[in-house]
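*Asks:* kindly return the folded structure for what I paste below:
(chains A, B and C)
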Amino acid sequence: MDILSLENTGRLYWLGRYSERVYTTVRLFSGSFDQLIDQVSEDATLIDRFCRSLEIPNIYRTGEEFFTRYCFDDQDPNSIYANLLRAYDNCVTLREEIGSETVAYIQLALYALQKAGRSSAPLVGLQKMCDNILAFWGMVDDSIDSEYVRNIIKIGKRVERLDLYARLRRPAADIRREAHRLAGRIPRTGLRYDEERLREIVALAEAEMPDWALLLERVEAFLEGAT
Amino acid sequence: MQEEMDLYRHTDTVNELLARYGVKFGIYKDKTFHEQLFPFDAIPRTISAEEFSSLERGLRQRVDALNAFIRDVYGEKHILRDKIVPEEFVYASSGYLPICEGVTPPKGVYAHIAGIDLVLGKDGSWYILEDNLRVPSGASYPMIARELCRRASPKTFTGAHIEDNRDYAQLLRRTMDHVNTGGMTVVLTPGRYNAAYFEHSYLAEQTGAHLVTGSELRVEGDYLYFIGYDQRKERVGAVYRRISDEYLDPMNFYEGSLIGIPHLYDVFRKGNVALLNAPGNGVADDKGIYYFVPKMIRYYLGEEPILQNAPTYLPYYPEDMQYVLANFDSLVLKDVAEAGGYGVVFGSKMTAGQMEDFLRQLKAEPRRFIAQEVIDFQDIDIMEDGERVPRKADLRAFVLTGEETMVWKSGLTRFSRDPHSFIVNSSQGGGFKDTWIFSR
Amino acid sequence: MRELRFRYAMELRFSEPVQEHRFTLRCFPQSGPRQSIGPTTLRLFPEVSVAWGGDGFGNVWAYGCVSPPHDRFSVEIAGSAVTGSAEREEALPPWREGRFRQQTALTRPGPAITAFHSALDLSGPPLERACAAMDALWRSFRYVPGSTDIYTTAEQAMAQGMGVCQDYAHILLSLCRLEGIPCRYAAGLLPGEGESHAWVDIYDGGCWTALDPTHDRRALDGYIRFSTGQDSAACSISRGIFRGFARQEQTIHAWVSEEEEL
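*Replies:* Now for the predicted structure:
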């Protein structure tokens, strides 16, 4: 079936965004998590820098607290857990669009994260969660027949990645690559979008010294009308 | 049976797989929504081919009579003229909707999907406990459990001659297609926070129907449309709705409903969309009307009922009231307005004060109650901490009416985990089993 | 027999614009043994197309949707009618009209109605009993505009001893149903100018006969019927839901006369 409601288009997009947010923040910060293992003092610069870049309040007093709350606290709206739960909430309403087998991997990622939170070696558990998200992306490519559905999820993923890379000041080459991937995907979706704005985003990303704040703003605003 | 034993060893595997696929039901505790896994017990209920064929005939007969009754009640009302059912049992029933008067649904089918609850008595015969003709749920659970049991323990099923129950989606699809008035088929859910949301989404996926909420559908003129992205419209010909009657259409039913579709009933009345099940069916699955089903079978079909009701008394009739008062301790009393295992009380378990209150209510509003003999069910074993222990269990059989009346060769067997409880409703903490029908 | 022209205008004003405004209108008299309706015109503002619905028991309604934001919604129907062409109208056999014997949320009796009913000495065929109940009601109930609203139940009106035509009708329905007489609410128009009117159909001898409890008389000449139902809720002339948090104000102007309208 090729007709999709506005609601479900939005859910597919946000499923893409949240699953990507969880995956990339865990991947990029496993290095920082590693440093936190050694950190016994209350030196909070690392955490502070991290929170500022993601524009989330630094409510964490110690490295350990940051680790447990940022990853596993269901009450902290900025935690990985909360973001994965949002991916899950979108996912379970899309069973007939993306299939039970695909939904299962987000479900499994959630179980893995819950289990990691109870474990003494949470990094191993986070790895399992990431494995399931990767399997989810594999299922999206492999088992969803509708190109439209696939494209919407991927647009969400690409927008989120570009957004995260820009926030976290990834190397310019990475950002450029993500901007091009997004620009290449969008015309294939059939979504309404403003070509001028898309060109602007690509141009911003290609600049010698990218204007991060502006790029972020443009990316955020880009699909608002469409979703 | 040795093969069965292999499956029992894999109970945990099956439960893990059920968790993987999110086989859950939602409940509200302290006003917040929780999802719970529905505990699965691997020991199946088994029914022989011979026994099932009699059950099948009995269930088809019953559902045919119920459909005939609903058609009659909202049409010519011969059964009232002939005083088989007293008028007030129909007109005063909360399930009777005056708005349905004179409306014939597409192809004349009212109860497309019926969930009939039965128990097996110690005397070896089946008793009907309840007919569910509105939005019965539960078929998805044994359906997916079978899939996963076969995965977890293939050799259990090799050469076992068990009817494959995974065809439920095809039966349902045939039922929906039969009444479709032209256009797409959708499953209408109240939303993510409904107890049976898993089932709604799973049945949509398995039947290839579109899962929708009310806000995605819209009445324009004489038709119902699905509104796609960019306002593209597609006509809808059949709605398998999992929303109860009163919330279906705020312009024709409960005005405060936010999950319904305004004017849906107007389109239905014109015959331009099929609603499965049809609104108004509650008049036939009322606990008070239950008493009359055997009479309906004789009246409409001219046949003797194959399946029996649990012995039931209607305090509405003075002689039944006398019996109820004289045998109060041995009876179970049900409030006809309640569902889901609520409003059920056992005469023998009441304190003196409760009994006094209850009798006062009973005498004031005799029509509100039915009384039944407590059936001595056959227990079914479940595995608990590696041991087999007996528990109370019922069976919900699914009967689908499209071009023909079809009984699904399986069913949802629910059991009570509390050894002292007779109430097996999943909203009260029970588990479920697969139901195997042998093909020979 | 009386030939009449009629016009019914209803306007809703919203305190701020609303959208996705869905409406159902039940103000379309239909021809039958007791009345015959000439050509009618319907005007809506904002102008939108309507779809027609009906229940097979003589009730017809229009429904539709005004999607764009609007702060005013108005309806006007006009036409001509011949009324009082028969005293009675054939009904379905009694077992098929049984729903009209059931009390509804609006007619269910409480202590006030039960007491009033037990003080009555009713006997004879249904119509005779209904007339006697109507007469007794008329003598003890006062017509006071604004003393009740559309949600007022028969019991509440009876307890306060006053109301408008809707309340007279609900109380008479409640009393007749206590007597086991099937009866139904009728909504429509009367000669004159003002609002719509309500009366009651009584089932007797296989026929419906109309009584107007507000005027303590048979409802014959001059009564233009829009719809019938179990109570006023089933006959509500206008029902609507919309998106927005606006307050709404309704004005109604009904006009019925033998003269051409000036």
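
*Asks:* max-length helix in the chain?
*Replies:* Going with chain A. Identified as the longest helix of chain A according to DSSP state H is helix A:6-38.

*Asks:* wrong one, chain B
*Replies:* Criterion DSSP H: the longest helix present in chain B is helix B:49-73.

*Asks:* give me the nearest residue to the residue in the stretch 101-250 of chain C that chain A sits nearest to, chain neighbours excluded.
*Replies:* With Cβ to the nearest Cβ, the shortest gap between the stretch 101-250 of chain C and chain A falls at C:Arg243, namely 15.4 Å. The C-beta positions use only the backbone N, C-alpha and C, and glycine is treated the same way. Nearest non-adjacent residue to C:Arg243, counting by Cβ to Cβ, 6 or more residues apart in numbering or on different chains: C:Glu20, 4.4 Å away.

*Asks:* let me see the ranges of the strands in the stretch 101-250 of chain C.
*Replies:* Here the stretch 101-250 of chain C has its strands, by DSSP state E, counting those that start in this stretch, at C:142-143, C:162-163, C:183-189, C:192-194, C:197-204, C:207-212, C:217-218, C:224-229, C:238-243, C:248-257.

*Asks:* list the pairing partners of the fourth one within its sheet, with orientation.
*Replies:* When sheet partners are counted by DSSP bridges, strand C:192-194 sits next to strand C:248-257 (antiparallel).

*Asks:* quick check: mean pLDDT of the partner strand?
*Replies:* Computed over strand C:248-257, the mean pLDDT rounds to 95.

*Asks:* so that strand versus strand C:238-243, what angle?
*Replies:* Here the directions of strand C:248-257 and strand C:238-243 differ by 160 degrees (axes from the mean of the first three to the mean of the last three Cα atoms, to 10 degrees).

*Asks:* and strand C:248-257, what's buried?
*Replies:* Of the residues in strand C:248-257, C:254-256 count as buried by neighbour count, 16 or more other Cβ atoms under 10 Å in any protein chain shown.

*Asks:* pLDDT score assigned to C:Ala169?
*Replies:* 98.

*Asks:* since we're on it, how many residues are nearby?
*Replies:* Neighbourhood size, C:Ala169 [other Cβ atoms under 10 Å in any protein chain shown]: 31.

*Asks:* ok, now which ones touch it?
*Replies:* C:185-186, C:198-200, C:213-214, C:232 (Cβ atoms under 8 Å, 6 or more residues apart in numbering or on different chains).

*Asks:* a markdown table for those, including neighbour count, distance to chain A and pLDDT?
*Replies:* Shown next, in a markdown table, are these (neighbours: other Cβ atoms under 10 Å in any protein chain shown; distance: Cβ to the nearest Cβ, whole Å; pLDDT from 0 to 100):
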| residue | neighbour count | distance to chain A | pLDDT |
| --- | --- | --- | --- |
| C:Tyr185 | 26 | 41 | 98 |
| C:Ala186 | 23 | 43 | 98 |
| C:Ala198 | 24 | 43 | 97 |
| C:Trp199 | 25 | 47 | 98 |
| C:Val200 | 26 | 47 | 98 |
| C:Pro213 | 27 | 51 | 98 |
| C:Thr214 | 25 | 50 | 97 |
| C:Ser232 | 23 | 37 | 96 |
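
*Asks:* closest one to B:Gln354 out of those, please.
*Replies:* Of all the contacts of C:Ala169, C:Ser232 has the smallest distance to B:Gln354: 40.0 Å, by Cβ to Cβ.

*Asks:* do I have it right that that closest one meets C:Ala186?
*Replies:* No. C:Ser232 is beyond contact range of C:Ala186, at 10.0 Å (criterion: Cβ atoms under 8 Å).

*Asks:* overlap of the contact sets of the two?
*Replies:* In contact with both C:Ser232 and C:Ala186: C:169, C:198, using Cβ under 8 Å, 6+ apart.

*Asks:* any idea of the pLDDT on residue 81?
*Replies:* Went with chain A since none was named. 95.

*Asks:* wrong chain, I was asking about chain B
*Replies:* B:Arg81 is assigned 97 on the pLDDT scale.

*Asks:* that one: how many residues sit nearby?
*Replies:* With neighbours defined by other Cβ under 10 Å, the count for B:Arg81 comes to 14.

*Asks:* list the contacts for the nearest residue to it once chain neighbours are set aside?
*Replies:* Excluding the flanking residues, the one nearest B:Arg81 by Cβ to Cβ, 6+ apart is C:Trp95, at 4.7 Å. Shown in contact with C:Trp95 (Cβ under 8 Å, 6+ apart): B:77, B:80-81, B:87.

*Asks:* if we go to 6 Å?
*Replies:* If you count contacts by Cβ atoms under 6 Å, 6 or more residues apart in numbering or on different chains, C:Trp95 has them with B:77, B:80-81.

*Asks:* same check, this time on B:Asn252
*Replies:* Applying Cβ under 6 Å, 6+ apart, we find B:Asn252 in contact with B:Tyr265.

*Asks:* B:Thr401 now?
*Replies:* B:Thr401 neighbours (Cβ under 6 Å, 6+ apart): B:109, B:112.

*Asks:* list phi and psi for it.
*Replies:* Backbone geometry at B:Thr401, expressed as degrees, to the nearest 10, gives phi -120, psi 110.

*Asks:* so it versus chain A, what's the distance?
*Replies:* 24 Å (Cβ to the nearest Cβ, to the nearest Å).

*Asks:* measure C:Thr228 to B:Leu203 for me?
*Replies:* Between C:Thr228 and B:Leu203 the distance is 41 Å, computed by Cβ to Cβ, to the nearest Å.

*Asks:* and if you look at A:Glu178?
*Replies:* Distance of A:Glu178 to B:Leu203, given as Cβ to Cβ: 39 Å.

*Asks:* more neighbours: which of these two?
*Replies:* Comparing A:Glu178 with B:Leu203 by neighbour count (other Cβ under 10 Å), the higher total belongs to B:Leu203, at 26 against 22.
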